[in-house]
Each structure stands twice: as C-alpha cells, then as structure tokens.
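Chemist: Build me a model:
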Amino acid sequence: MSPHQDIYKPVSPDQRVFRGETVTLTCDIQRAGNIQWTYSWFRDASVIRDVTERVYSITSDESYSEYSCRGERSDSQRSHISAAVTLTVSEPVVKVSPDQRVFRGETVTLTCDIQTAGHMHWFRDASVIRDVTERVYSITSDESYSEYSCRGERSDSQKSHTSAAVTLTVSERPKPALRETNVSSWSYSWNKDDSVIHVSQSQEYRISSVNESHTGHYSCAGNETQGSRYSHTSDKVTLTVSGESLYICLSL
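Modeler: Below you'll find the predicted structure:
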C-alpha cells in the first residue's frame, strides 16, 4: 500500500456561516481501508487538535479561517495534508442611503448586508417591525430618532446575530429665506475736457479756490468696485470761471 493516501477536502454544510454557529468538518480519506487512523486538524496551517474521529465540530468565531486535515495510520504512515476549506463568518451590517441624517418625510433605504441568508428580520428600537425576504427595506422617515438593525435567517432556520444598530436622526426640512444683499459699491471718475482728473467713491466733486484755469467741460462715469458693471459717461457740463470763487460743487 502506498504510504500516502489520497485525501479529500474537509466537508462542511456551508462554507459561509453565522458567528456562533456549530460547523461539522469531516476528514474523508480515500481507500482508508479497515486500518485505525488518527487525524490532525489544522487551522490557518497550525495544528489545533489530534483526534481519532474523522468528524470535527467547531463553533465559528473567527471572521475568516482555513481548515485542513491529515490522517495517520497505526503504522505511523501519514497521508498528505488536505487542501484547505475556507470558513467565512457572515455578520449582518445595515447600510443607509442616502444618509443617516434625513428630513422628515424623506424616503430612506436600508440594506441588510449579509451573505447566505434568505430571510431577513428588521428591528426598530429593538422591536421587530417586518419580516421580508428582501435585503432592502425602504421607509419614510417620521420619528425624530430611531435605531434600526437586522438579522438574517437561512432556510435551515439558523439565525445570525443581530447587527449593530444604525441611528436615523430626522429633522424638519429647512425653509429658505429671502434677504437683501448689500448694494454694490461704485467708484466715480471725474473728467475735465475728456481727461480723468479725479477718482473717488463720492458722487460729488468739489473744486476749492476756483479760478479761470478750472474753466472746461466736465463729465463723470461710474464703475462697480467688485464687479464688471460700468455706466456710460455722463453728458458734459460746461464750467466757465470769471473772477474768483471760494469753491464749486459738481454732483451727480
């Protein structure tokens, strides 16, 4: 007989399991015959148990583990180590769309994200609210504050743990308010005989100690200081000075 026997992968009911679920692994060796065998079980390549039985039951706790086995005959001949079987522990997670902070009357979609479960239980504030086969549950937000969670159940009645709760906080939809914005500020260019002589934000231009040199044609134009708007140039006003005056005021 060959010292190395062919070995199957360990057999389990389902490779995706719920946390806390009991899983049975079977180390199946081909052509094992009537010889007494002992079995070594490995988790993530480290030996975890030596037993005479080929059936090994565990309680799933790790999120992800690889299990394999090896057989040894009474004459100390060993089989190869089997290919590993991966156990993935599924735990439900509630996902919210569009957001956990919503306006009153807004539709919110909750998704119970869990593998292998065919039936879902939904809870609001720890009380069951609906049994559905779909993972997606849509609600219209009305309560000011609620906590939602879910739990999965397989066709064999095996239940997952209840997910961590997500909190929906509902507020009133804000009302927009109209208000007057600050009026744009303008600067003014004062011109004499088509040449700029003064720029300010005042709508008046004062000439002190007026004399005949101030005789000319005056005009003005406006420009928005924080924008791109501007006015046309005003009509010209003719100023004729004879003699002397204390001051003259031109205004828009």
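Chemist: For beta bridges, what are the partners of residue 151?
Modeler: residue 121 (DSSP bridges).
Chemist: What count of nearby residues applies to it?
Modeler: Neighbourhood size, residue 151 [other CB atoms under 10 Å]: 20. Glycine gets a C-beta too; all of them are placed from N, C-alpha and C.
Chemist: pLDDT value on the spatially closest residue to residue 118 that is not a sequence neighbour, please?
Modeler: Here the nearest residue to residue 118 in space, its sequence neighbours aside, is residue 155; by CB to CB, 6 or more residues apart in numbering that works out to 5.4 Å. Turning to residue 155, the model gives it a pLDDT of 78.
Chemist: ditto for the one 4 residues further on
Modeler: pLDDT recorded at residue 159 is 83.
Chemist: Spit out the contact partners of the residue nearest to it when sequence neighbours are not counted.
Modeler: Nearest residue to residue 159, sequence neighbours excluded (CB to CB, 6+ apart): residue 153, at 4.9 Å. Applying CB atoms under 8 Å, 6 or more residues apart in numbering to residue 153 gives the contacts 117-121, 159-160.
Chemist: Tell me, how many residues neighbour the residue nearest to residue 135 when sequence neighbours are not counted?
Modeler: Nearest in space to residue 135, with sequence neighbours left out and distances taken as CB to CB, 6+ apart, is residue 112 at 4.8 Å. When counting by other CB under 10 Å, one arrives at 24 neighbours for residue 112.
Chemist: if we can go back for a sec, ranking by neighbours, what's the top pick from the contacts of residue 153?
Modeler: residue 160 (26 neighbours).
Chemist: Surely it and residue 90 touch.
Modeler: Yes - Residue 160 lies in contact with residue 90 (CB atoms under 8 Å); the separation is 6.6 Å.
Chemist: Mind listing the shared neighbours of those two?
Modeler: The overlap between the contact sets of residue 160 and residue 90 (CB under 8 Å, 6+ apart) consists of 18-19, 114, 117, 152.
Chemist: Of these, which pair is most distant in space?
Modeler: 19 and 117 (12.6 Å; CB to CB).
Chemist: For residue 141, which residues are in contact?
Modeler: Counted by CB under 8 Å, 6+ apart, residue 141 has contacts 102-108, 168, 170.
Chemist: please redo it, this time with the cut-off set to 7 Å
Modeler: Residue 141 is in contact with 102, 104-106, 108, 168, 170, counting by CB atoms under 7 Å, 6 or more residues apart in numbering.
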